[in-house]
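Visitor: Here is the input, now give the coordinates:
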Amino acid sequence: MDYTIRPVEPGDAPGIAALRRMPGVFENTLGLPSCRTADSAAFLASLGPNDHNFVAAAEDGTIIAAAGLQVCSNPRMRHVGSIGLFVHTDYQNQGVGTALMKAILDLADNWLMLVRVELEVFADNERAIRLYEKFGFEKEGLLRMTTVRCGQYADEYKMARLRPAVGYAVKPSV
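Guide: The predicted structure is shown next:
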């Protein structure tokens, strides 16, 4: 399977909207099945300098996955970024998510010098949790009843990957 990972473009809005409302994808994101192309176009148009979004595009141009990294804008938290990732159901378990994670984390580590990268994932999304753990993410806590999904409240894990920087103040043990 051949695909290209590249930064998002305004013309990606229809493909991203199709992914965001795809059964098997939207249930594990904060998307809705009513996501409109105009919503995705507005999102892409609103991206600022702290937003770094990529897509995986098949040879025919079909958007098969998307990922984003948002760097915290608060000056005291410029070392922190949060990520989101979703993959077309036909391309799950084929390495596309792994490739996007590598691209996002390369940017975070080698260009933005982020120390903390965090995310939230549904507690029952075992495939995604395994992917994140493969990249050094650890569960930091269970967030209970955070989101409505399929008519029920769902729990999420807060996960993060830390790369301590020079000057990291370790809290002394008591």
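Visitor: Show me where the protein has its strands.
Guide: Counting by DSSP state E, the chain has these strands, from start to end: 3-7, 51-58, 63-71, 80-87, 116-122, 138-149, 152-162.
Visitor: Geometrically speaking, which residue is the centre of this structure?
Guide: With distances taken as CA atoms, centre = their mean, the residue of the chain nearest its centroid is Gly84 (1.4 Å).
Visitor: got the contact list for the residue nearest to that residue when sequence neighbours are not counted?
Guide: By the measure of CB to CB, 6 or more residues apart in numbering, the closest residue to Gly84 outside its immediate chain neighbours is Gly68, 5.1 Å from it. In this view, the C-beta of every residue, glycine as well, is placed from N, C-alpha and C. Applying CB atoms under 8 Å, 6 or more residues apart in numbering to Gly68 gives the contacts Asp51, His52, Asn53, Phe54, Ile83, Gly84, Leu85, Ile104.
Visitor: who does Gly68 bridge with?
Guide: With DSSP bridges applied, the residues forming beta bridges to Gly68 are Asn53, Gly84.
Visitor: Look up how far Phe86 lies from it.
Guide: Here the distance between Gly68 and Phe86 works out to 10 Å (CB to CB, to the nearest Å).
Visitor: contacting residues around the lengthiest helix in the chain?
Guide: What stands out as the longest helix in the chain, according to DSSP state H, is helix 96-110. Here helix 96-110 makes contact (CB under 8 Å, 6+ apart) with 3, 5, 52, 54, 56, 64-69, 81, 83, 85, 87-88, 114, 117, 128, 131-132, 134-135, 161, 163.
Visitor: And stretch 44-63, by the same measure?
Guide: Under the contact criterion CB under 8 Å, 6+ apart, stretch 44-63 has outside partners 1-10, 12-13, 15-16, 18-19, 64-73, 87-88, 91, 96, 99-100, 103-104, 107, 112.
Visitor: can we see that at 6 Å?
Guide: Residues outside stretch 44-63 that contact it (CB atoms under 6 Å, 6 or more residues apart in numbering): 2-5, 7-8, 10, 12-13, 15-16, 64-71, 73, 96, 100, 103, 107.
Visitor: and if you look at stretch 120-127?
Guide: Residues outside stretch 120-127 that contact it (CB under 6 Å, 6+ apart): Asn28, Ala128, Ile129, Ala154, Asp155, Glu156, Tyr157, Lys158.
Visitor: quick one: buried residues of it?
Guide: By neighbour count, and taking 16 or more other CB atoms under 10 Å as the criterion, the buried residues in stretch 120-127 are Glu120, Val121, Phe122, Ala123, Asn125.
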